[in-house]
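Asker: mind folding the following:
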Amino acid sequence: MICEATSLVKYINKSSNIFFVFGSEVILRNNSVDDINKCFKDMGFTEKKIITENDFTNIEKIIHENAGGSLFGSQTIIEIIHNGGKIPKEILNIFEINNINQFKNIVIIIRSAIEKINKNTKWVKKVDSLALMVQCNKLKSFEEISWIKNQLKFMNDKDAKEYTNRIKDVYSGNLVAQQNEINILKLIYSEDSDKEKLHHDSAEFLPYDLEDKIIELDTNYALRILKSIKKNDEHYGPLLVWIMGKIINISVGSHQDKISLEKAGVWRNKIPHYLNFIKSNPLKKMIPLQKRIYELDMASKGLGGITKDQFWQELDNMIIDLTST
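Answerer: Presented below is the predicted three-dimensional model:
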């Protein structure tokens, strides 16, 4: 079965415990996976295993090992991350496992960066017959309004309506920017807040605070820091680019050459966070980010041909990419 991401809640409990999440809108992909995880966590699936490209050869083994449940009776969510390109045979082989859609002790979530599918191809028909395929396409204008309003349920109805219109007007067609604004509002909103001040976080941060939150994979806090620095200390833009570049280059170096983080200039107290960050961000993901950070560095020097707003929006996008696993 195939459903749109915006209708996922209607189908989660009506399908087998296998989900194939794909499409061009990364925010909808991330939110869909989060919703599936939350739903089954609430149902008692307390264990979680993440399979990245390096472990694709072990997919079937991991599935069979967990299909019977653990010794302690816990149930497991197995999340498989496919970063793009042709769907590998190791993932397609999942759907050849006998009675795979009847396993009760595991949930399989395939998070794929593939943007489009052909419903007539053999592998799509096979997946469609055994799993719920969640399609995360770009939203139409009226769908955006509904999506934003749904994300603002933490507000009272009056404020939600006001901020739905504001966010839609300012960031029309850009779900990444819309999600950024919503995440920040979640941090600072209360019904007694001065509505004119909600767009401005009064906390002040230093650029190196951003490094800490990125390697801790704390998306919301990192976005909050960036927004505050943009408002209060916009001149730090080039330094923020350098900090993100440092994180990316250290990660790439660690993957390629297994360099010592301490020799790379990482403080000892940050090494555990860096190790976790590097483990969560494979080399295939980090290499393209090197090119993007180079382009941002050129832009920060007035050589990139992008506007100031585009520069800060791209920093937002980079933070989301670096902290999303």
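Asker: and the top helix by length along the chain, how far out from the chain middle?
Answerer: Counting residues, the longest helix found in the chain (DSSP state H) is helix 237-257. Distance, stretch centre to chain centre, for helix 237-257: 19 Å (C-alpha atoms, centre = their mean, to the nearest Å).
Asker: mean confidence score for that helix?
Answerer: Throughout helix 237-257, pLDDT has a mean value of 88.
Asker: so, low pLDDT: which residues of the stretch 201-325 of the chain?
Answerer: 201-204, 258-259, 304-305, 325 (pLDDT under 70).
Asker: what are the boundaries of the helices in it?
Answerer: 207-215, 219-232, 237-257, 271-280, 283-300, 308-323 (DSSP state H, counting those that start in this stretch).
Asker: list the contacts for the residue lying closest to residue 183 once chain neighbours are set aside?
Answerer: Spatial nearest neighbour of residue 183, chain neighbours left out: residue 220 (4.7 Å); criterion: C-beta to C-beta, 6 or more residues apart in numbering. For every residue, glycine as well, the C-beta is placed using N, CA and C. Neighbour list for residue 220: 183-184, 186-187 [criterion: C-beta atoms under 8 Å, 6 or more residues apart in numbering].
Asker: pull out the buried residues from those residues.
Answerer: Buried subset of the contacts of residue 220 (neighbour count, 16 or more other C-beta atoms under 10 Å): 183-184.
Asker: ok, back up a step: from residue 281, how far out is the residue nearest to residue 183?
Answerer: Distance of residue 220 to residue 281, computed by C-beta to C-beta, to the nearest Å: 18 Å.
Asker: okay, now residue 320: neighbour count?
Answerer: Residue 320 is flanked by 19 other residues according to other C-beta atoms under 10 Å.
Asker: correction: residue 154
Answerer: With other C-beta under 10 Å as criterion, residue 154 counts 12.
Asker: pLDDT wise, what is the residue nearest to it when sequence neighbours are not counted at?
Answerer: Setting aside the residues directly before and after it, residue 154 is nearest to residue 186 in space (C-beta to C-beta, 6+ apart), at 6.2 Å. With respect to pLDDT, residue 186 scores 79.
Asker: give me the element residue 186 is part of.
Answerer: Per DSSP states H and E, residue 186 falls inside helix 175-188.
Asker: how about residue 138?
Answerer: Per DSSP H and E, there is no helix or strand for residue 138.
Asker: contact partners for it?
Answerer: Contacts of residue 138 by C-beta under 8 Å, 6+ apart are 24-25, 173, 175.
Asker: make it 7 Å
Answerer: 24-25 (C-beta atoms under 7 Å, 6 or more residues apart in numbering).
Asker: and the gap between it and residue 28?
Answerer: 9 Å.
Asker: kindly report the same for residue 206.
Answerer: For residue 206, the distance to residue 28 - C-beta to C-beta - is 34 Å.
Asker: who's more crowded, those two?
Answerer: residue 28 (24 against 13).
Asker: need the nearest residue in space to the more buried one, chain neighbours excluded.
Answerer: residue 136 is the one closest to residue 28 (C-beta to C-beta, 6+ apart), at 3.7 Å.
Asker: backbone dihedrals for that neighbour, please?
Answerer: With angles defined as degrees, to the nearest 10, residue 136 sits at phi -110, psi 80.
Asker: can you name the residues that contact it?
Answerer: 5, 21-23, 25, 28-29, 32.
Asker: ok, of these, which come out buried?
Answerer: Using 16+ other C-beta under 10 Å, the buried ones in the contacts of residue 136 are 5, 21-23, 25, 28-29, 32.
Asker: which members of those are positioned in helices?
Answerer: 28-29, 32.
Asker: could I get those as a markdown table with pLDDT and distance to residue 47?
Answerer: Output for those, formatted as a markdown table (pLDDT from 0 to 100; distance: C-beta to C-beta, whole Å):
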| residue | pLDDT | distance to residue 47 |
| --- | --- | --- |
| 28 | 92 | 26 |
| 29 | 91 | 23 |
| 32 | 93 | 21 |
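Asker: looking at these, which is nearest residue 59?
Answerer: Nearest to residue 59 among these is residue 29, at 19.7 Å by C-beta to C-beta.
Asker: next, count neighbours for residue 234.
Answerer: Count around residue 234 with other C-beta under 10 Å applied: 10.
Asker: separation between it and residue 118?
Answerer: Note on residue 234: its distance to residue 118, by C-beta to C-beta, is 46 Å.
Asker: residue 62 now?
Answerer: 29 Å.
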